[in-house]
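Novice: just to be clear, the model below is a prediction. Sequence and coordinates:
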Amino acid sequence: MPDPPPDFQNWTCPLPLRDYPKIVMGHGGGGKLSAELVEHLFLPAFRNDALAVLGDATVLPAAAGRLAFSTDSFVVRPLFFPGGSIGHLAVNGTVNDLAMAGARPLYLSAGFILEEGLEIAALSRVVDDMAAAARLAGVQIVTGDTKVVERGHGDGLYINTAGVGVLPEGLNIGPGRAQPGDAVLLSGPIGDHGMAIMSVREGLSFESTIVSDCAPLHELASLAIDVGGDALHVMRDPTRGGITASLHEIARSSKTGVLVEEATLPVRPEVRAACEILGLDPMGVANEGKMLAFVTAHKADAVLAAWRAHPLGANAARIGTVTTGHPGMLLAKTVIGARRVVPLPIGENLPRIC
Amino acid sequence: MKYLTEFRDGDAARALARDIRRLVTRPWNIMEVCGGQTHSILRNGIDQLLPPEIRMIHGPGCPVCVTPLETIDRALSIAAIPHVIFCSFGDMLRVPGTHRDLFSVKSEGGDVRMVYSPLDALQIARDNPRSQVVFFGVGFETTAPANAMAVDLARRQNIANFSMLVSHVLVPPAMEAILQSPSNQVNAFLAAGHVCSVMGYWQYPPLAARYGTPIVVTGFEPLDLLEGIRRTVRLLEAGEARVDNAYERVVTEQGNAPAQRLLAQVFEPVDRAWRGIGVIPQSGWQLRAPYHAFDAERRFAVTGIHSQESPLCRSGDVLRGALRPNECPAFGRECTPRRPLGATMVSSEGACSAYYNFHA
C-alpha cells in the first residue's frame, strides 16, 4: 500500500511549550499564547477529527433514540495522587455518571480553569492522563475551553467535563426503581480512593501505599445491563459519601429499606486499618472505580459471575438486600449480628480525637 | 487484622451475652465512662444483646462534649485573629460556641486547620515562622502525652511561635464526682481502657472500696465490651467492690511510666469546669510555670467572651447519666446533628449523637 500523501494541515509540534515553564495570565488572553496552548498541548493529546475543526461549537452526528447528558467539576487536591490524577478523575467521573444511567459514553467536553503559576509540565501530565483515560473509556474529547485566574484564586487547576452517551432501547433503570427483594451488588473493595487522597493530603504515612481505584465503569455497567436484563433496577457509582450516601439516596427515592451485611463488605486490609486509625467508617469513604447494582435476587449470581470475570470486578460481592421494612432508611447488620441505623454524615467525615 | 477481627466475632459475642444473661439476677446500672465505648456499644448494637436487667449509662468521657463553652468561645476568638493558624483535631471543628463554630471562622477567612497530631501543628509552626500557630489541646489522659510532648519540644527547640490552648480533663475525679452525687444511679463502672493504658489503674482500688463500686478496665471492641460487662456483672452479683482488668492485652496496673513522667513534668492538676456538669475539683490539667510561655490563653489576652448555653440543652443531665438522650425534650426536634444545641450532639462519641445516629 502506498504511503498517504504528506498532511501539513493537521500537523502539530509534539514538543511541549518551552517559552514559559508556567501558566501566565496571557495563556487565557485569547491571543498567541492561548492559541499555542491549544495547538501544542491540548490538540496533540486529545487529537480527533471533531476537535481538530476548532469551531465555536463542535458538530456531531445525531444518534437515534435517547441521549444521556451529564456534567461534573473536579477540584481535587493534590492534583496527582497514588493511582491517578485529576485528569483521570475528570474523564472517568463523567464517563461513570453516563454509564450509571445505562448509557454508552461517546463524547466529552473539557473546561480548564488554570491558576497563574501552574507548571505547564504538570498541566501536560494531566492532559496526557485525560487522553489516556478517554482512550480506555472509548470516548472522544470534542470541545474545550481554557481560562486563567490570578495566582491565589485557584488550587492550580480545576477541570469541568460534560459528556453525552446513547442509551440502549427499552432500558428502564434509576434510583427510584429499587424493589423489595432486590439483591445489592458491589463491584469491589470500598474506600480506596478516599483513603488514598487522605493519605497524601493529610501527610499520613502508612506502611503500605493505598492506591486510588479510579477507573471507567462502562464495561461493568454494560455487563450488568446485558446479564441482568429486566432484572436490573439501579446502578450507582458510590463516589463522595461512599456507599452510605448512595444507598441512602436509593432508599429514599425508591421508598424501600436497604439492609447491608457488614461482614460481607469487601475492604482492603490497609484501607480498613487506615479507617480504624482515623475513626472513619469505610462505608462513608469515597470510591472512583466501584459500582453498585440492584437486581432481582434470581439474577444476582449471574451478574456477580460476569463481574468477577472482568478485571475491575474480581472482588465483587453481594452486600445486602432491599426490604419492605424501614422504608427510606439504611440499616446494617453488624458483625455481632445486631442491627444499627447507618446515618448519613452531615458534611465532611471528621476523624475522631481518640 | 490482628487483635481486631478476633474481637469482633459474632459467635463469641453471642456466647458472652448468654453468659451475662445467666449471671444476672437483678437490675444493674453500669456506666461506661469513655465516649469511644459509647460509640462502639451503639455502633455494634451491643446494647441489643444485653438482658433487660442491664442498663448501660453513658458517661462523660467524650472530650469534645465536656470542653466548656467558654473555652470553645476562646478558641473561636483566637482562631479569628489575623496571622494565627489554629490547629485542631477534626471533631472539635463543628462544636458550637455561643454564636458559631470553627468551620464558620474558617469560612470567614480564619486559618483553621485539621491535624491528626499536635506534632503536626508543631511542624506547621516551624514551616510558618511569621505566623502564630495555636493547637487546641483538649482530651483526656489519652491525648495528653502527645500534647505534653509537643509543648516540651517547642520549649526545648525554642519554637516561639507555637502555643497550646489547654483544656485537659481527667477521668478518676469525674468518676468520684458522679459517685458523690446524691442522685447517683451508677452501680459499677467500665473504666476507659485507653486512659488506663497511659495512667494504669492503681488509682481505682481506693475509689472502688470507698464507694462500694466495682470498676472493670475495659476495651473497645465488641468482645472487649461484653467481657468487661460480664466481669462487672459477676462482681456486682457477688457483692465484690473491687477492680478488675478485662483489657490485659493493652493495660497494666502501673501504666506507661515514661508518659506519666512527662505528663507530671508539663502539667499540673487544676479545678476544671466540665460543660453541662460544672466544676469538678482537681479534674483538669494546665501547663506548669516553665511552660507558661507556650500557653495560648496567656499569649492571646482575648476579652469580651460572653458564653451563653442554649436554655433547651440538657446535656449536663445526659453526661451525668440522669437523662437518656432521647428523653431530652429537644432531642431530634430543636437539636439534631445538623443543628446541635450542645456538644453531646456533635461528636461521634457524644451520647446524643450516638443515639440519634444508631437507634432506629
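Specialist: Thanks, I have the structure now. From a predicted model like this one, the values you see are computed outputs, not experimental measurements.
Novice: residues touching A:R340, list them.
Specialist: Contact partners of A:R340, counting by C-beta atoms under 8 Å, 6 or more residues apart in numbering or on different chains, are A:331-332, A:334, B:42-45, B:358, B:360. In short, each C-beta sits where N, CA and C put it, glycine included.
Novice: distance check, it against A:L280.
Specialist: Counting by C-beta to C-beta, to the nearest Å, the separation of A:R340 from A:L280 is 16 Å.
Novice: before we move on, what about A:G30?
Specialist: Counting by C-beta to C-beta - A:G30 and A:L280 are separated by 45 Å.
Novice: who has more neighbours out of these two?
Specialist: A:L280 (24 against 10; other C-beta atoms under 10 Å in any protein chain shown).
Novice: can you tell me the SS state at the residue lying closest to B:G278 once chain neighbours are set aside?
Specialist: Take B:G278 and drop its neighbours on the chain: the residue closest to it by C-beta to C-beta, 6 or more residues apart in numbering or on different chains is B:G316, 7.6 Å away. Counting by DSSP: H, G, I helix; E, B strand; the rest coil, the backbone at B:G316 sits in helix.
Novice: report the separation between B:G316 and chain A.
Specialist: 21 Å (C-beta to the nearest C-beta, to the nearest Å).
Novice: for B:E227, same thing?
Specialist: Distance, B:E227 to chain A, using C-beta to the nearest C-beta: 13 Å.
Novice: for chain A, give me the ranges with low pLDDT.
Specialist: A:1-2, A:4, A:7-19, A:202-207, A:346-354 (pLDDT under 70).
Novice: pick out the residue of it closest to chain B.
Specialist: A:A338 (2.4 Å; C-beta to the nearest C-beta).
Novice: residue contacts, the residue of chain B most remote from its centre?
Specialist: In chain B, B:R130 marks the outermost C-alpha relative to the chain mean, sitting 33.5 Å out by C-alpha atoms, centre = their mean. With contacts defined as C-beta under 8 Å, 6+ apart, B:R130 is in contact with B:83, B:161.
Novice: please, which helix or strand holds it?
Specialist: Assigned by DSSP states H and E, B:R130 belongs to no helix or strand.
Novice: please apply the same query to B:R113.
Specialist: Element membership for B:R113 (DSSP H and E) is strand B:111-114.
Novice: who are the packing partners of that strand?
Specialist: strand B:84-88, helix B:102-107 (3 or more C-beta pairs under 8 Å, 6 or more residues apart in numbering or on different chains; DSSP states H and E).
Novice: between those, which gets the lowest average pLDDT?
Specialist: Looking over these, mean pLDDT reaches its minimum on helix B:102-107, with a mean of 90.
Novice: would you mark the buried spots in it?
Specialist: B:102, B:104-106 (16 or more other C-beta atoms under 10 Å in any protein chain shown).
Novice: what's the answer for stretch A:46-57, then?
Specialist: Going by neighbour count (16+ other C-beta under 10 Å), the buried part of stretch A:46-57 is A:46, A:48, A:50-51.
Novice: distance of B:R272 from B:L153?
Specialist: In terms of C-beta to C-beta, B:R272 sits 25 Å off from B:L153.
Novice: the more surrounded of these two?
Specialist: Counted by other C-beta under 10 Å, B:R272 and B:L153 do not tie: B:R272 has more neighbours, with 23 against 14.
Novice: what is that one paired to in the beta sheet?
Specialist: B:I280 (DSSP bridges).
Novice: who does the helix ranked longest in chain A touch, helix- and strand-wise?
Specialist: In terms of residue count, the longest helix belonging to chain A (DSSP state H) is helix A:120-137. Applying 3+ C-beta pairs under 8 Å, 6+ apart, one finds that helix A:120-137 contacts helix A:43-46, strand A:84-85, helix A:86-100, strand A:104-115, strand A:140-149, strand A:157-166.
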